[in-house]
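Colleague: Sequence below, structure please.
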Amino acid sequence: LDSTGLTKSPFLLSIHILPALRHLRSSPINLACLLHLNSDTLIKQVEEYKQIQSDIKLDLRSRVQQTLLSVFLRSDTDEDYVIDPNEVNRLVLRLKSIPGVEFDEPRFKKALNAENGDVIKFFDKHFADAQTLEREKIFMF
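Modeller: Below you'll find the predicted structure:
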């Protein structure tokens, strides 16, 4: 049975491949043999998967950063791009309500205070790249 027949018929896939997959123990070599892949093809597919995964992480980070910026700007009631001391508590409450985003409140307040509440400086410094986000551990998602 060749791979074209399997891609055209999910029924054939379920009859011929799925029972064999149950016996595999997550071994890429066994899987490659089962699907008649050579090692170059398997390596290429793994590299493509890594690139896709990297792109997904970048997209997620961009979306979270955009959401956070929106929350910052909504909390800036006088619209001067500075989170004043009287605006911090509202911002913290909004940050806590973002699904899938956790943040370290004391670190966040310390970092925001270090930038004198300046939203642009805060984002430029703390969202410069993925390594900065991971190193500072202010926001986790």
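
Colleague: Look up how far Lys50 lies from the residue at minimal distance from the centre of the chain.
Modeller: Most central in the chain under C-alpha atoms, centre = their mean is Lys57, positioned 3.6 Å from the mean C-alpha point. Note on Lys57: its distance to Lys50, by C-beta to C-beta, to the nearest Å, is 11 Å. For glycine as for every other residue, the C-beta is placed from the backbone atoms N, C-alpha and C.

Colleague: returning to that earlier point: mind checking the SS state of the residue nearest to the centre of the chain?
Modeller: Following DSSP: H, G, I helix; E, B strand; the rest coil, the label given to Lys57 is helix.

Colleague: Next up, the contacts around it.
Modeller: Residues in contact with Lys57 (C-beta atoms under 8 Å, 6 or more residues apart in numbering) are Ala130.

Colleague: and the gap between it and Leu95?
Modeller: Distance from Lys57 to Leu95, by C-beta to C-beta: 21 Å.

Colleague: again, but for Ile52
Modeller: 30 Å.

Colleague: so what's Gly117 scoring on pLDDT?
Modeller: Note for Gly117: predicted pLDDT of 96.

Colleague: Not including adjacent chain positions, what is the nearest residue to it?
Modeller: Ile83 (4.1 Å; C-beta to C-beta, 6 or more residues apart in numbering).

Colleague: how about that neighbour, what does it touch?
Modeller: Phe72, Ser75, Asp76, Leu91, Leu112, Gly117, Val119.

Colleague: cool, Val101 as well?
Modeller: So Val101 contacts Val64, Thr67, Leu68, Leu95, Phe139, Met140, Phe141 (C-beta under 8 Å, 6+ apart).
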